[in-house]
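Novice: Show me how the following folds:
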Amino acid sequence: MQLVEYPDAEMMMMDLADTLASELENCLLSHDHASFAVPGGTTPGPIFDSLCAADLDWARVHVLLTDERWVPETSDRSNTRLLRERLLVDRAAAATYVPLYAESGSPEEKLPELAAALAPELPVSVMLLGMGADMHTASIFPGADQLEHALHGEDHLVAMRAPGAPEPRITLSAKVLKEAMSRHLVIVGGQKREALERARHLPPGEAPVAAILNGTTVHWAER
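Specialist: Modelled structure (predicted):
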């Protein structure tokens with residue numbers, strides 16, 4: 001794990017957007033397309049606001065989420081909605097979006113279809129992850145019903161239900177997260193820094209983010 005500390009979150013978000021754009025550009029020099037996996041939630045929004053204007057061949061970038069809540073795109077809880085409002089705009093509107101949601105009563109019904117669409121994007125070229133104060137990453141939560149499968153199974157996608165999560169989730173498995181060609185984790189605040197330090201000394205079953213720290217660049221600002 002490499003830890004990069006920043007004077008403030010605003011600078012971190014801008015610098016990280018530049019880093020991600022540079023890595024995508026380098027990938028496109030030697031590949032037909034680049035796959036770019038990103039988290040939902042509130043933290044990455046400012047990164048998306050900068051990154052969407054990057055001078056990239058966005059038509060060759062395939063964007064996907066690291067995880068999605070099983071809600072329609074019209075919901076305020078939808079990570080897809082966040083991406084369409086803040087990343088897949090400006091120059092990045094030309095990117096191809098690879099969804100992790102399809103209209104259905106449960107994620108299990110659509111897992112085979114979504115996994116088939118995901119397969120050509122693997123291994124992920126550039127990955128951005130977040131982390132919760134409970135040390136979850138993507139939707140791999142402590143105490144989740146499919147935690148062991150998500151951490152140790154061979155499937156690329158896992159349907160997940162967890163205490164404190166109001167709706168079912170679908171998440172990239174730890175296998176996919178660990179196989180990404182480049183992986184970044186962004187966190188803000190003292191609480192999450194403390195959680196990160198705890199996770200470094202805990203097994204993934206207690207701190208799922210521990211499964212991906214090896215080889216990850218962690219970006220942190222106090223506020």
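
Novice: Name whatever forms a beta bridge with the residue nearest to A117 when sequence neighbours are not counted.
Specialist: Once flanking residues are discounted, A117 sits nearest to V98: 5.9 Å by Cβ to Cβ, 6 or more residues apart in numbering. Where you see a C-beta, it was placed from the backbone N, CA and C, and this is true even at glycine. In this entry, V98 is beta-bridged to L64, by DSSP bridges.

Novice: what sits against V98?
Specialist: S35, H62, V63, L64, A117, L118, E121 (Cβ atoms under 8 Å, 6 or more residues apart in numbering).

Novice: Return the member of those residues nearest to G132.
Specialist: L64 (20.0 Å; Cβ to Cβ).

Novice: Out of the contacts of V98, grab the one that's most surrounded.
Specialist: S35 (24 neighbours; other Cβ atoms under 10 Å).

Novice: so which helix or strand takes in it?
Specialist: For S35, the host element (DSSP states H and E) is strand 34-38.

Novice: And whichever helix or strand comes after that strand, what's buried?
Specialist: Scanning forward in sequence from strand 34-38 by DSSP H and E, the next helix or strand is helix 45-51. Residues P46, I47, F48, D49, S50, L51 are the ones in helix 45-51 that count as buried (16 or more other Cβ atoms under 10 Å).

Novice: Over to stretch 209-223?
Specialist: Here stretch 209-223 shows V209, A210, A211, I212, L213, T216, V218, H219, W220, A221 as buried, counting by 16+ other Cβ under 10 Å.

Novice: Export those residues as CSV, with columns for distance to G190.
Specialist: Formatted as CSV, those follow (distance: Cβ to Cβ, whole Å):
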residue, distance to G190
V209, 17
A210, 19
A211, 23
I212, 22
L213, 19
T216, 20
V218, 14
H219, 15
W220, 10
A221, 10
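
Novice: Now, these that are in strands?
Specialist: Among those, the members falling in strands (DSSP state E) are V218, H219, W220, A221.

Novice: Please tabulate the residues you listed in CSV and include pLDDT as additional columns.
Specialist: Formatted as CSV, those follow (pLDDT from 0 to 100):
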residue, pLDDT
V218, 98
H219, 98
W220, 98
A221, 97
